[in-house]
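A.B. asks: Just to be clear, the model below is a prediction. Sequence and coordinates:
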Amino acid sequence: MGRCPRGSAQGYCEKSGRGNRELKNYLEIIFKDVITRLNIPDDVPLIFDTPKSEAHGDLATNLPLLLTKKLKRNPMEIGTEICNALSYDKEIIEKVELVKPGFVNIFFTAPYITGIIQDIHRENERFGTSSKYSGKTANVEFVSANPTGPLTVGHGRNAVCGDTIANMLEWVGYDVTREYYFNNAGRQMRVLGDSVRLRYLELCGEAVMFPEDYYQGEYIREIAARLEEKHGDDLMNEPAEGKFKDAAESEIFELIKVSLERLGIKHKIFYNENTLYTDGRIDGLLNKFKEMGVSYEKDGAVWFRFSEAGNEQDKVIVKSTGEPTYRLPDIAYHVTKFERNYDLIVDLFGSDHAATYPDVLAALRILGYDVSKVKVLIHQFVTIMQGNEVIKMSTRKANYITLDELIDEAGSDVVRFFFNMLNLGTHMNFDLELAKKHSDENPVFYLQYAHARICSIIRTASEAGLSSSLDNIHLLILPDEQRLIKILHRFPEEMLTAADTLEPGRIASYLKELAAAFHRFYVAIRIIGSEKETAEARLAMAEAVKTVIKNGLGVLGVSAPERM
RNA sequence: GCGCCCAUAGCUCAACCGGAUAGAGCAUCAGCCUUCUAAGCUGAGGGUUAGUGGUUCGAGUCCACUUGGGCGUACCA
């Protein structure tokens, strides 16, 4: 890298690109150097983070505070020694200061900070990606709703967050497989098929009793109507599980896929639970458990010794009817994920499934698989409010608001951003009335507006014969400029942290901060109309902001409009 | 009853491995468009971070208990 100052620390310049991570790497090198020279114990963590207040520098460490106990000395004394011994490149670091309790605050030089703009222009739509996990594969399983009805708002959170997590993993280098696991057999599906059959019989003029615990949704009637249209009353003697169930399954799956597609979500694999039976995996697993002595028979059922694996209690894996419970195929399914050799296996469930995964993991551990590869993410439920009323979702009772209805009302961008804003553990209250009425006040517009604004500036500038240039970016020394550029520095690191913690919410928070800094700059400082070289540099900066917003929104699956 | 998750401004949410004065948006109030998009900006008010105790240089963050909510606790998925 030609921009690397000559005296920079060893190893630092070998990194391509900058950003906060590189700055931290540099600090780590020069601090470790001091630690060895001063013979300070090196078993305390050396952490640099971005202080909340600008007055506290660009990066800061609490090293002296952490050392006080170890050295039994005053933190300020230790800090003084460290700061005096610190040798650093003046072209990178402006100053290092030691303050009150024992923080060391580091300030970077403006020209050095500004260099990130070149990186962003060079890497463009790839800026923010990382090769940290290149060559690794990941499987992200999400949605996985059985085809018994359209997706509800409740599924929206899972769908959106799952897809965003997959995006984040791709950004840091993983080859990601998006997977949807479903079950088209069993009692639920029998009831579904029979629900359609009964509606069909109604249409054929039969008087039927439609049980209360059958699927009440309007879509059942529609499926029945299409069957009636196609076959007349030829199907009146068909069993529920044949044509009725098949029609329901395929039509509902079509609905689900369309909803997902509207949100830009496409799964690569739809894994049918049934194949686990037909290819003998279920039986194979049962035999293996028996051989290993981890299962036993009681009351005509087969039980798994989960209690011996440290879980609460033993559970039935095969009912006395001979039918496996969901646990067994779940285990077999995860075995296939291991056999498919993923380096990372992510499962995203709603909190209603929180109780099942410890058993699955325990069984996998007993089978000898490296369970640390599996990251089970549990997202909390979204409480849907209509005014003051809580809407309890139930597919069976047809008491729900579909994801499609929400997308119709709010639009895909708003829906994606809305679910992505939140950390997975957050219990959220979602007031539908409010979402409809105030949708133009959704924070997503704040980000999109910043992007559109920059596009508009670029258009206007180009009409005025002005274009961006990297030649004079050193002119960008105003506080509003530096502040903005420093936020740009953080993007690759934020992306990596988001991917490592599997938290989509981080990206949204970061982008809000970036957009805020840009809007502030925009109001305070003019681009067009300022002195030519400065204007060109500011344009280059604005383009860099635009790139980062676009890339960030891209990860969230939200569009970056050129005009609004 | 037991287990997991959660509780932060009036509302919806942030706060990276425990750090410096707990931050945004909405709502309220007061200002800012003859110049690049006012879907924007500036400022004000608004908090005992549910409560109590503990750990330590330092706690919204960790531990214990209490209260209030969500989800489980099936030979349903």
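C.D. replies: Thanks, I have it. Numbers count the residues shown, from 1 in each chain, chains lettered A, B, ... in the order given.
A.B. asks: Break down the stretch 1-150 of chain A into its helices, ranges please.
C.D. replies: Under the criterion DSSP state H, counting those that start in this stretch, helices of the stretch 1-150 of chain A are mapped to A:20-37, A:63-71, A:75-85, A:110-114, A:116-123.
A.B. asks: Residues in contact with the helix or strand residue A:334 falls within: which ones?
C.D. replies: Residue A:334 is part of helix A:327-339, with elements assigned from DSSP states H and E. By CB atoms under 8 Å, 6 or more residues apart in numbering, the residues outside helix A:327-339 that reach it are A:139, A:141, A:181, A:183, A:271, A:273, A:276-277, A:281-282, A:285-286, A:304, A:315, A:317-318, A:345, A:356, A:359-360, A:363-364, A:367, A:369, A:373-374. (Glycine included, C-beta is placed from N, CA and C.)
A.B. asks: For the stretch 401-550 of chain A, just list every one of the helices.
C.D. replies: For the stretch 401-550 of chain A, the helices defined by DSSP H, counting those that start in this stretch occupy A:403-410, A:412-420, A:432-437, A:443-463, A:479-501, A:505-524, A:532-556.
A.B. asks: now, of the ones you listed, which is deepest in the fold?
C.D. replies: Of these, the one with the most neighbours on average (mean count of other CB atoms under 10 Å) is helix A:412-420, at a mean of 24.
A.B. asks: which other residues reach that helix?
C.D. replies: Defining contact as CB under 8 Å, 6+ apart, one finds that helix A:412-420 is touched by A:156-157, A:160-161, A:164, A:262-264, A:403, A:406-407, A:410, A:430, A:435, A:439, A:442-444, A:447-448, A:504-505, A:507-508, A:556-559.
A.B. asks: buried ones in stretch A:257-266?
C.D. replies: Buried residues in stretch A:257-266, counting neighbours by 16 or more other CB atoms under 10 Å, are found at A:257, A:259-260, A:263, A:265.
A.B. asks: how about those, which pair is most distant?
C.D. replies: A:257 and A:263 (11.0 Å; CB to CB).
A.B. asks: now do the same end-to-end measure for stretch A:354-370.
C.D. replies: End-to-end distance for stretch A:354-370: 20 Å, by CA to CA, to the nearest Å.
A.B. asks: before we move on, the earlier item: please list which of the contacts of helix A:412-420 also come close to RNA strand B.
C.D. replies: By CB under 7 Å from any atom of the strand, the members of these lying near RNA strand B are A:430, A:443, A:505.
A.B. asks: If I follow the layout properly, residue A:374 ends up in contact with residue A:347?
C.D. replies: Yes: applying CB atoms under 8 Å as the test, residue A:374 and residue A:347 come out as touching, 6.8 Å apart.
A.B. asks: the more surrounded of those two?
C.D. replies: Applying other CB atoms under 10 Å to residue A:374 and residue A:347 shows that residue A:347 carries more neighbours, namely 24 against 21.
A.B. asks: who does the host helix or strand of that one touch, helix- and strand-wise?
C.D. replies: Using DSSP H and E, residue A:347 sits within strand A:344-350. Helices and strands touching strand A:344-350, as assessed by 3 or more CB pairs under 8 Å, 6 or more residues apart in numbering; DSSP states H and E, comprise strand A:137-141, helix A:153-171, helix A:327-339, strand A:374-379.
A.B. asks: Would you reformat those as JSON lines and include mean pLDDT?
C.D. replies: Output for these, formatted as JSON lines (pLDDT from 0 to 100):
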{"stretch": "strand A:137-141", "mean pLDDT": "97"}
{"stretch": "helix A:153-171", "mean pLDDT": "94"}
{"stretch": "helix A:327-339", "mean pLDDT": "95"}
{"stretch": "strand A:374-379", "mean pLDDT": "93"}
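A.B. asks: Take those and write them to TSV, including distance to residue A:236.
C.D. replies: Shown next, in TSV, are the helices and strands packed on strand A:344-350 (distance: least, CB to CB, whole Å):
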stretch	distance to residue A:236
strand A:137-141	40
helix A:153-171	34
helix A:327-339	34
strand A:374-379	44
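A.B. asks: Residue A:538: which of those is closest?
C.D. replies: Closest of these to residue A:538 is helix A:153-171, at 27.9 Å (criterion: CB to CB).
A.B. asks: how far does the closest one sit from the chain's center?
C.D. replies: With CA atoms, centre = their mean, to the nearest Å as the basis, helix A:153-171 stands 5 Å off its chain's centre.
A.B. asks: Return the alpha-carbon coordinates of that helix using PDB.
C.D. replies: Extracted C-alpha coordinates of helix A:153-171, given in PDB (Å, rounded to 0.1, in the frame of the first residue of the first chain):
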ATOM      1  CA  VAL A 153     -46.500 -11.600  10.600                       C
ATOM      2  CA  GLY A 154     -45.100 -13.800  13.300                       C
ATOM      3  CA  HIS A 155     -43.100 -15.700  10.700                       C
ATOM      4  CA  GLY A 156     -41.900 -12.500   9.200                       C
ATOM      5  CA  ARG A 157     -39.300 -11.900  11.900                       C
ATOM      6  CA  ASN A 158     -37.900 -15.400  11.400                       C
ATOM      7  CA  ALA A 159     -37.900 -15.000   7.600                       C
ATOM      8  CA  VAL A 160     -36.300 -11.600   7.500                       C
ATOM      9  CA  CYS A 161     -33.700 -12.200  10.200                       C
ATOM     10  CA  GLY A 162     -32.700 -15.600   8.900                       C
ATOM     11  CA  ASP A 163     -32.100 -14.200   5.400                       C
ATOM     12  CA  THR A 164     -30.200 -11.200   6.800                       C
ATOM     13  CA  ILE A 165     -28.000 -13.500   8.900                       C
ATOM     14  CA  ALA A 166     -27.300 -15.500   5.700                       C
ATOM     15  CA  ASN A 167     -26.400 -12.300   4.000                       C
ATOM     16  CA  MET A 168     -24.000 -11.300   6.800                       C
ATOM     17  CA  LEU A 169     -22.300 -14.600   6.700                       C
ATOM     18  CA  GLU A 170     -21.800 -14.300   3.000                       C
ATOM     19  CA  TRP A 171     -20.300 -10.900   3.500                       C
END
